[in-house]
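Chemist: would you be able to build a 3D model of this:
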Amino acid sequence: MRIGQGFDLHRMKEGRPLMLGGIEIESDKGEDAHSDGDVLIHALIDALLGSKALGDIGTYFPPSDMKYKNMDSKLLLKETLKLSKFEIINIDCNIILQRPKLGPHILKIRESLASLLNIDVSNISVKAKTAEHILGELGSGDAIAAEVTLLIN
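Modeler: Got it, this is the predicted structure:
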């Protein structure tokens, strides 16, 4: 068994969609990023790559490469899954976001990830946290972060 850990952080920007786990969440701001900015999938990709000591997301999908401009992060995840055999046992995720509230979207996010990874939704935990109006841009609602820990066999 091996463990992988991933983290991603993006500023939030008006006029961009908020993408989390492959679904769009209604919000007045979304991730300001080279791709679609889905911090949860980006952290998941880093966790998968880390579990096999394969580097990080920037190694395979550099922001300097224009072919990834505004790319759907689900496609990046699919490409990552082709790099190695990942037999995922379980995934634990935290999303740190001041607003909007994610509680009503957690099950949809889990179901989306389960479908993308072809694993049972019961093996995916997604938790939403706020920054309690502290911690700079995270606390002011001007940034979003995600962290993922996973176990593979």
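Chemist: then the helix or strand bottoming out on mean pLDDT in the chain to PDB, C-alphas only?
Modeler: None of the helices or strands of the chain scores lower by mean pLDDT, DSSP states H and E than helix 136-140, at a mean of 91. Provided in PDB are the C-alpha atoms of helix 136-140 (Å, rounded to 0.1, in the frame of the first residue of the first chain):
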ATOM      1  CA  GLY A 136      -5.900  36.400   4.300                       C
ATOM      2  CA  GLU A 137      -7.400  35.700   0.800                       C
ATOM      3  CA  LEU A 138      -8.900  32.400   1.900                       C
ATOM      4  CA  GLY A 139     -10.700  34.100   4.800                       C
ATOM      5  CA  SER A 140     -11.900  37.000   2.600                       C
END
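Chemist: tell me what it is packed against?
Modeler: With contacts taken as 3 or more Cβ pairs under 8 Å, 6 or more residues apart in numbering; DSSP states H and E, helix 136-140 sits against strand 143-152. Just so you know, the C-beta spots here come from the backbone N, C-alpha and C atoms, and that holds for glycine as well.
Chemist: run the chain-centre distance for the strand it packs on.
Modeler: Relative to its chain's centre, strand 143-152 lies at 7 Å (Cα atoms, centre = their mean, to the nearest Å).
Chemist: which helices and strands does it pack with?
Modeler: strand 2-14, helix 39-51, strand 88-96, helix 136-140.
Chemist: tell me how many other residues surround residue 17.
Modeler: 14 (other Cβ atoms under 10 Å).
Chemist: what's the closest non-adjacent residue to residue 101?
Modeler: residue 128 (7.4 Å; Cβ to Cβ, 6 or more residues apart in numbering).
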